[in-house]
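Undergrad: Kindly generate the corresponding structure for this input.
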Amino acid sequence: MENQKKVLFAFRGDPLCFVHVLLNGIDLHERGQEGLIIIEGEAVTLVPEMSKPGHITCRLQSMLH
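TA: Sure thing, here's the model as predicted:
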């Protein structure tokens, strides 16, 4: 059961919930587990704002490299 893939869903338009999903994805990655993040519903409206340079989520992305 340890090698199961995980799927995380972001569907609310709340930035804190969205970041929580991203942090869980980073945690999976750091533990060497495979997973996907599905973004749907109101959460898709957060992507343009959070992908701007200088936004805190850009710093989260740099943690993966």
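Undergrad: from here on, contacts and neighbour counts on C-alpha atoms
TA: Will do.
Undergrad: thinking L8 is in contact with E34, fair?
TA: No - using C-alpha atoms under 8 Å, L8 is not in contact with E34; the gap is 11.1 Å.
Undergrad: Now do the SS call for the nearest residue to I38 once chain neighbours are set aside.
TA: Nearest non-adjacent residue to I38, counting by C-alpha to C-alpha, 6 or more residues apart in numbering: F9, 4.8 Å away. At F9 the chain is in strand, as set by DSSP: H, G, I helix; E, B strand; the rest coil.
Undergrad: and if you look at N3?
TA: Here N3 takes the coil state, with states given by three-state DSSP.
Undergrad: Spatially central, which residue of this structure would that be?
TA: L22 (2.3 Å; C-alpha atoms, centre = their mean).
Undergrad: just for this protein, where's the confidence low?
TA: 1-2, 59-65 (pLDDT under 70).
Undergrad: still on that earlier bit, what's the neighbour count on the residue nearest to I38?
TA: The local packing of F9 (other C-alpha atoms under 10 Å) involves 14 other residues.
Undergrad: Then H29?
TA: The number of residues packed around H29, counting by other C-alpha under 10 Å, is 13.
Undergrad: mind listing what it touches?
TA: The contact partners of H29, taken as C-alpha atoms under 8 Å, 6 or more residues apart in numbering, are G35.
Undergrad: Alpha carbons of the longest helix belonging to the chain, as PDB, please.
TA: Using DSSP state H, we find that the single longest helix of the chain is helix 15-30. Taking Å, rounded to 0.1, in the frame of the first residue of the first chain, the C-alpha atoms of helix 15-30 are listed here in PDB:
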ATOM      1  CA  PRO A  15      -6.000  31.200  -1.100                       C
ATOM      2  CA  LEU A  16      -5.100  29.500   2.200                       C
ATOM      3  CA  CYS A  17      -6.800  26.300   1.200                       C
ATOM      4  CA  PHE A  18      -5.000  26.400  -2.100                       C
ATOM      5  CA  VAL A  19      -1.600  26.900  -0.400                       C
ATOM      6  CA  HIS A  20      -2.400  24.000   1.900                       C
ATOM      7  CA  VAL A  21      -2.900  21.700  -1.100                       C
ATOM      8  CA  LEU A  22       0.400  22.900  -2.500                       C
ATOM      9  CA  LEU A  23       2.200  22.300   0.800                       C
ATOM     10  CA  ASN A  24       0.800  18.800   0.900                       C
ATOM     11  CA  GLY A  25       2.000  18.200  -2.600                       C
ATOM     12  CA  ILE A  26       5.500  19.400  -1.600                       C
ATOM     13  CA  ASP A  27       5.400  17.000   1.400                       C
ATOM     14  CA  LEU A  28       4.500  14.100  -0.800                       C
ATOM     15  CA  HIS A  29       7.300  15.000  -3.200                       C
ATOM     16  CA  GLU A  30       9.900  15.300  -0.400                       C
END
